[in-house]
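[1] Sequence and predicted structure below; questions after.
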Amino acid sequence: MTGYRTSMQIVGDLLSAAQQSGQEGIKTTSLITKANLPHSRLSKLLTNLTGSGLINKIEFDGKNTYVITPKGRQYLESYLKFADVAQSFGLEL
């Protein structure tokens, strides 16, 4: 049985999903599925991520699409390196 994810792990999952979608971006429904989050929690996190400049929100035809920014890519890269080092020492994030 897996434990609960930390906020850092959830942010990492969201940024990974956005990065994998490329420059076309990812829609809210796909983020809900890939990050395995309820819509209410996802909305709060996306507000924080867009406010921090890690993700850009693009509104078109009443639908939201999210694209990872260069700052978001840098954060994700640093997070993945840190998670790898922590795991090699047997630590959990």
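    Structure's in. What do you need? Given the structure is predicted, the values throughout are model-derived calculations rather than measurements.

[2] Report the secondary structure state of residue 5.
    Put simply, residue 5 is coil when judged by DSSP: H, G, I helix; E, B strand; the rest coil.

[3] My guess is it contacts residue 14. True?
    No - in this structure, residue 5 is not within contact of residue 14 by C-beta atoms under 8 Å, at 11.0 Å. The C-beta positions use only the backbone N, C-alpha and C, and glycine is treated the same way.

[4] Comparing these two, which residue is more hemmed in?
    Shown here are residue 5 and residue 14; by other C-beta atoms under 10 Å, residue 14 has more neighbours (25 against 15).

[5] With adjacent residues omitted, what lies nearest to the most centrally placed residue in the chain?
    Taking C-alpha atoms, centre = their mean, the centroid of the chain lies closest to residue 14, which sits 1.8 Å from it. Using C-beta to C-beta, 6 or more residues apart in numbering and skipping the chain neighbours, the partner closest in space to residue 14 is residue 35 (5.2 Å).

[6] Relative to residue 45, how far out is the one you found?
    8 Å (C-beta to C-beta, to the nearest Å).

[7] Mutual contacts of the two, please.
    10, 14 (C-beta atoms under 8 Å, 6 or more residues apart in numbering).

[8] Among the two, which residue is more densely surrounded?
    residue 35 (21 against 18).

[9] contacting residues around that one?
    Taking C-beta under 8 Å, 6+ apart, one finds 10, 13, 14, 17, 42 in contact with residue 35.

[10] now the host helix or strand of residue 42, how far from the chain's geometric center?
    Using DSSP states H and E, residue 42 maps to helix 39-52. The chain centroid and the centroid of helix 39-52 are separated by 9 Å under C-alpha atoms, centre = their mean, to the nearest Å.

[11] do the same with stretch 7-20
    The answer for stretch 7-20 is 3 Å, by C-alpha atoms, centre = their mean.
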